[in-house]
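**Student:** Curious how this folds, go ahead:
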Amino acid sequence: METSKAITRFITHEILSGISDDAIGETDALIESGIIDSMGIMKLIAFVEREFGVQFAGDELVPDNFENIGAISRLINEKLNLQVKQR
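**Tutor:** All right, here's what the predicted structure looks like:
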């Protein structure tokens with residue numbers, strides 16, 4: 001499953017209790033608009049680390065990296081590309 005689709009699905013099904021995946025766009029502000037709160041971010045981080053096998057460093061846990069689904073997807077893909085290059 002594509003990174004952004006997996007994130008959207010997790011947010012809509014696990015954090016927002018089953019609303020339609022179409023209800024959130026890739027550029028919708030997640031934190032600012034109240035779609036996701038601090039507890040939701042923690043759940044999302046745990047999901048991403050488990051689902052994609054990445055670990056976030058402390059300096060990556062900033063609001064800009066979790067601003068919207070596109071930003072989260074980019075961060076994950078950058079980390080995955082870095083892992084491939086290190087092999």
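**Student:** For the most centrally placed residue in the chain, list the residues it contacts.
**Tutor:** Central residue of the chain (C-alpha atoms, centre = their mean): I72, 4.3 Å from the mean position. Counting by C-beta atoms under 8 Å, 6 or more residues apart in numbering, I72 touches S4, I7, L44, V48, N65, F66. Using the backbone N, CA and C atoms, a C-beta is placed for each residue, glycine as well.
**Student:** Repeat the analysis, applying 7 Å as the threshold.
**Tutor:** The contact partners of I72, by C-beta atoms under 7 Å, 6 or more residues apart in numbering, come to I7, N65, F66.
**Student:** Next, it: phi, psi?
**Tutor:** phi -60, psi -40 (degrees, to the nearest 10).
**Student:** pLDDT score for it?
**Tutor:** Per-residue confidence (pLDDT) for I72: 97.
**Student:** For F66, grab the count of nearby residues.
**Tutor:** 21 (other C-beta atoms under 10 Å).
**Student:** swap in the one 3 residues further on?
**Tutor:** When neighbours are defined as other C-beta under 10 Å, I69 has 22 of them.
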